[in-house]
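> No letters, just coordinates:
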DNA sequence: TATATTAATGCTAATTGTGAGCATAAGAGA
DNA sequence: TCTCTTATGCTCACAATTAGCATTAATATA
């Protein structure tokens, strides 16, 4: 309980750097999509966040709109070759423009390359109904009694097609991991014979990515973070497609507009654009003041009157 | 961007360990309330969470009901005497019983000893209206033009008495820190002359505590974590007072009951208790199954139909 | 033994928020 | 001109939440 001298470990930073390219949500990777960008924590930065920001901006030559800490892992298998324990601190970063690719096989990959069952924009993904769910079902059946009931409830709670909750992306990945349905779950000896579709990543980078996606999906609902991914001027249609890309779900157009407008998130620029295909759309810009004006929403308690 | 060999740093763990004693929300501290319990991260634990759990349970001899990571700090001033950079990972822990005090001046302290402006159970705290708000107002006035308007909006957004949001506890503390109204904000040379009421802590422990309180206040609204702080059997009145203690606000009794019941969070034990003073109350217990049955709530997007 | 007091509970009117969809407008291109 | 596509306005039904009133059942006390 006392503050003894802690043992040295090595600290590394991981970044889930997100951008929207076309209507696809993408993440910056290296080694052909197998790794998230990571680097050592340099001691010459005043704070972790400043370190991440400087490091990403130096590498990509683009400003980072928004940075948020995701999680710190120190699982035992994370050991460097020198015998240090590795603690890795991961961050979510949102950027507006395409970062300079080229070096170290830097490249953007769609979220849904890694989590194909998470993209419901064209209805329930075939991969989910045809492959993932049946495999999970077998996993449930493989247990008995209490364990079976518990597995059953977890699958129902996280994968229920009739009440899909896009925020549970991390929990779904973790469940697939536990069920031994993703390659990352393999022990050195026995590989996963027939994993579920979806590109794997090295180490636990796919878990970190799932953490970032889940956090982002939750956050877009109560904080105006989508705008960090948008160009300065945009149409409401573009904005809607951006949210849809992140959430992996289609939204009701009129209700979406009502929501955005009544929250005073945007203002008209006065200009219009005609290259959306149909009727020209008004251009809007984000009202940055809103961030200061209203702190957060969050859900509510049944308060008593004064 | 490459995975270079990171530099060694020391990792320490901090815990915000919460219990309800009487109707007061309390936190475990040492050194007479000046520090949160902290310790080194021992390398013989498989995960960080396991490390925290083992360490707290060893020290307090009581099981930890719930553990959640709060945040990882590595600000530059956190340097050990040996020259290592210190990374500190903080956790929120909920416990049902009074931990064994005694050693190292371990003791429980009310949340509101540190944040007296956060307890609205008896209406707007005098300290807030008489001291904190006027001091913030001076701080706003001290700036000019744009800076002044920004300060104004931040104070309004976080401290507005007519739309108090209990979840903003951390942001309020940080604002007071920035405004130089808490002793922790003092540079070595010039101490804060007349800080706002509220007990300070050493290092950034009060900020960590604020992080824990804010997280807990947000979480009780969408996950059944209060039960980790309750005895096995309880009345709905007790449950309500527990939530009120954490949120620092009074709730509407009938609506609170409706909420709890319609969410199937509890079930009657069949027994009654008569020591509540008035009419005897039914005893309830938490339905643990619910955790598996329903994943989470979260807020909503205006989805389109299938 | 009345009588005030404290809780627990049941019920409902009023308001606000959300879901779903019809209808119309305004351009591009065949 | 007709058709297609997207943008935009508006409304109705229903669900959820807020704020109370009213009643019941015990204990404490005059």
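Yep, that arrived. As the structure is a prediction and not an experimental result, all values here were calculated from the model. Numbering: from 1, shown residues only, chains lettered A, B, ... in the order given.

> Can you report how many residues lie near the residue in the stretch 1-150 of chain A that DNA strand C sits nearest to?
Nearest to DNA strand C, among the residues of the stretch 1-150 of chain A, is residue A:120, at 14.3 Å (C-beta to the nearest atom of the strand). The C-beta positions use only the backbone N, C-alpha and C, and glycine is treated the same way. Residues lying near residue A:120 (other C-beta atoms under 10 Å in any protein chain shown) number 19.

> What distance do you get for it to residue A:244?
9 Å (C-beta to C-beta, to the nearest Å).

> what sits in contact with each of these two?
Taking C-beta atoms under 8 Å, 6 or more residues apart in numbering or on different chains as the criterion, residue A:120 and residue A:244 both touch residue A:250.

> close to DNA strand C, is the one helix or strand residue A:243 maps to?
Using DSSP states H and E, residue A:243 falls within helix A:236-247. No: judged by C-beta under 7 Å from any atom of the strand, helix A:236-247 and DNA strand C are separated, with a smallest distance of 11.9 Å.

> name the helices or strands packed onto that helix?
Counting contacts by 3 or more C-beta pairs under 8 Å, 6 or more residues apart in numbering or on different chains; DSSP states H and E, helix A:236-247 is packed against strand A:8-21, strand A:24-29, helix A:205-219, helix A:253-262, strand A:281-286.

> How far off centre is the second one?
Just to be clear, that refers to strand A:24-29. Taking the mean of its C-alpha atoms, strand A:24-29 sits 10 Å from the chain's own mean (C-alpha atoms, centre = their mean, to the nearest Å).

> Equivalent analysis for the fourth one, please.
Centroid separation between helix A:253-262 and its chain, computed with C-alpha atoms, centre = their mean, is 24 Å.

> Between strand A:281-286 and that helix, find me the angle.
Between helix A:253-262 and strand A:281-286, the angle comes out at 40 degrees (axes from the mean of the first three to the mean of the last three C-alpha atoms, to 10 degrees).

> Please list the residues outside the very next helix or strand once past helix A:253-262 that contact it.
Remark: after helix A:253-262, the chain's next helix or strand is strand A:266-273, criterion DSSP H and E. Contact with strand A:266-273 is made by A:233, A:235-236, A:239, A:260, A:280-287, as judged by C-beta under 8 Å, 6+ apart.

> Would you mind checking those residues for buried ones?
Buried members of the contacts of strand A:266-273, scored by 16 or more other C-beta atoms under 10 Å in any protein chain shown, are A:235-236, A:239, A:260, A:281, A:283-286.

> which of those residues lies closest to residue B:128?
Nearest to residue B:128 among the buried ones among the contacts of strand A:266-273: residue A:286, at 32.6 Å, using C-beta to C-beta.

> Verify the stated contact: the closest one with residue A:229.
No: here residue A:286 lies out of contact with residue A:229, judged by C-beta atoms under 8 Å, at a distance of 10.8 Å.

> Let me know the pLDDT of the residue nearest to residue A:198 when sequence neighbours are not counted.
Distances taken as C-beta to C-beta, 6 or more residues apart in numbering or on different chains put residue A:116 closest to residue A:198, at 5.2 Å, once the chain neighbours are dropped. pLDDT recorded at residue A:116 is 98.

> Using JSON lines, lay out the helices and strands packed on helix A:236-247 together with distance to DNA strand C.
Converted to JSON lines, these look like this (distance: least, C-beta to the nearest atom of the strand, whole Å):
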{"stretch": "strand A:8-21", "distance to DNA strand C": "23"}
{"stretch": "strand A:24-29", "distance to DNA strand C": "22"}
{"stretch": "helix A:205-219", "distance to DNA strand C": "15"}
{"stretch": "helix A:253-262", "distance to DNA strand C": "3"}
{"stretch": "strand A:281-286", "distance to DNA strand C": "10"}
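
> Where among the ones you listed is average confidence lowest?
Looking at the helices and strands packed on helix A:236-247, the weakest mean confidence is strand A:8-21, a mean of 88.

> if we can go back for a sec, can you pick out the most distant pair from the buried ones among the contacts of strand A:266-273?
A:281 and A:286 (16.0 Å).

> Measure how buried the residue lying closest to residue A:148 once chain neighbours are set aside is and give me the count.
Nearest in space to residue A:148, with sequence neighbours left out and distances taken as C-beta to C-beta, 6+ apart, is residue A:140 at 6.2 Å. Other residues within reach of residue A:140, judged by other C-beta under 10 Å, total 19.

> What of the one 4 residues further on?
Residues near residue A:144, counting by other C-beta under 10 Å, number 8.

> if I look at residue A:197, how far off is residue B:251?
Per C-beta to C-beta, residue A:197 is found 47 Å from residue B:251.

> typed the wrong thing, it's residue A:74
Distance from residue A:74 to residue B:251, counting by C-beta to C-beta: 39 Å.

> between the two, which one's more packed in?
Per other C-beta under 10 Å, whichever of residue A:74 and residue B:251 has more neighbours is residue A:74, with 22 against 19.

> could you say what helices and strands the strand or helix carrying residue A:94 packs with?
Element membership for residue A:94 (DSSP H and E) is strand A:86-95. Applying 3+ C-beta pairs under 8 Å, 6+ apart, we find strand A:86-95 packed against strand A:8-21, helix A:48-60, strand A:64-73, helix A:205-219, strand B:86-95.

> please redo it, this time with the cut-off set to 10 Å
On a contact count with 3 or more C-beta pairs under 10 Å, 6 or more residues apart in numbering or on different chains; DSSP states H and E, strand A:86-95 meets strand A:8-21, strand A:24-29, helix A:48-60, strand A:64-73, helix A:205-219, strand B:64-73, strand B:86-95.

> For chain A, which residues are neighbours of DNA strand C?
A:252, A:254-255, A:274, A:277-280.

> Going by distance to residue B:24, which of those wins?
Set against residue B:24, the nearest of the residues of chain A next to DNA strand C by C-beta to C-beta is residue A:255 (43.7 Å).

> My read is that that closest one contacts residue B:303, right?
Yes: applying C-beta atoms under 10 Å, one finds residue A:255 in contact with residue B:303, separated by 8.7 Å.

> So between those two, which is more surrounded?
Neighbours were counted for residue A:255 and for residue B:303 using other C-beta under 10 Å; residue B:303 has more, 17 against 13.
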